[in-house]
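Engineer: Just to be clear, the model below is a prediction. Sequence and coordinates:
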Protein chains: 2
Amino acid sequence: MKRGLSQTCYVFFSVISNPTRLAILEGLLGQPMNVSQMIERLKQNQSMISHNLRPLLRCGFIKVERRGKERIYSLNGDTVEHLFKIVENHSRKYCPTMGVCPQRRTK
Amino acid sequence: MKRGLSQTCYVFFSVISNPTRLAILEGLLGQPMNVSQMIERLKQNQSMISHNLRPLLRCGFIKVERRGKERIYSLNGDTVEHLFKIVENHSRKYCPTMGVCPQRRTK
DNA sequence: TAAATATATGAGAAATTTTTCATATCATGA
DNA sequence: TCATGATATGAAAAATTTCTCATATATTTA
């Protein structure tokens, strides 16, 4: 089931609809980091982090730069900031209980 | 693994990272619709549509109004418009091949 | 060049999500 | 109130995604 804009959005959103990847992005919002720092910060094993960096990279959410044996990851542009802002607004306005929203929502 | 903002974002994004739900939202961008119209438009069975409407409703992406036996669904606010705009910008700028992005992305 | 450190990768197991199928509910009109 | 049309729901099967474990690669330093 592939359809124009929806299709692009699907690739885009499926990359960021994952707790580990979101936590990585949230971390990078503060400052660039290497993998070891992410491991420490997220308390996840190295493989986990590494596997999750890949889709973020592939879809241009982040970029990477080599420094010695380390790799420094950082956010690519301000897509992530914008996104997070939208989520905040939306959840404040329409879903204040943050994911534990009421069943129905009628006008 | 639950963490603050990431957690909210996770609920939010997992609701919209699905082709059927995105197509529903894309459709509603044009005009409100009842379920039968969605079935026709998306060429999906009724159960499929109905199951997918629920999370959209629960997280406030859409709202519903009853009219006789029908239910008219429409977008709630302009979260969806904003989101789609961000995706368009991002993919144009960082991922022009739309999901078939190059493996790596180094500065 | 061998060892050590940092990170990536592949494959299978585990977990989650989606889809289908059968059935339930609810409003309307005969 | 019965039949019909519109939509919702629950449970199990099917598909997809995530996670883990073992191993590979690349860079630096001794």
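Structural biologist: Here it is on my side, so go on.
Engineer: what are the phi and psi angles of A:Phe61?
Structural biologist: phi -80, psi -30 (degrees, to the nearest 10).
Engineer: Could you do A:Asn34 as well?
Structural biologist: Dihedral angles (degrees, to the nearest 10) for A:Asn34: phi -90, psi 170.
Engineer: need the residues of chain A near DNA strand C, please.
Structural biologist: Residues of chain A lying close to DNA strand C (CB under 7 Å from any atom of the strand) are A:1, A:34-36, A:39, A:46-47, A:49-51, A:53-54, A:64, A:69-71. (C-beta placed from N, C-alpha, C; glycine too.)
Engineer: just those that are near DNA strand D?
Structural biologist: Subset of the residues of chain A next to DNA strand C in contact with DNA strand D: A:Ser47, A:His51, A:Lys69, counting by CB under 7 Å from any atom of the strand.
Engineer: picking that back up, what's the lowest-pLDDT member of the residues of chain A next to DNA strand C?
Structural biologist: The member of these with the lowest pLDDT is A:Met1, and it reads 32.
Engineer: For A:Leu75, grab the count of nearby residues.
Structural biologist: 20 (other CB atoms under 10 Å in any protein chain shown).
Engineer: Scan the ones next to DNA strand D among the residues of chain A next to DNA strand C and report the most crowded one.
Structural biologist: Of those, with other CB under 10 Å as the count, A:His51 tops at 13 neighbours.
Engineer: just to revisit the earlier point, would you mind listing which of the residues of chain A next to DNA strand C are buried?
Structural biologist: Neighbour counting by 16 or more other CB atoms under 10 Å in any protein chain shown classes A:Asn34, A:Val35, A:Ile39, A:Ile49, A:Leu53, A:Val64, A:Arg71 among the residues of chain A next to DNA strand C as buried.
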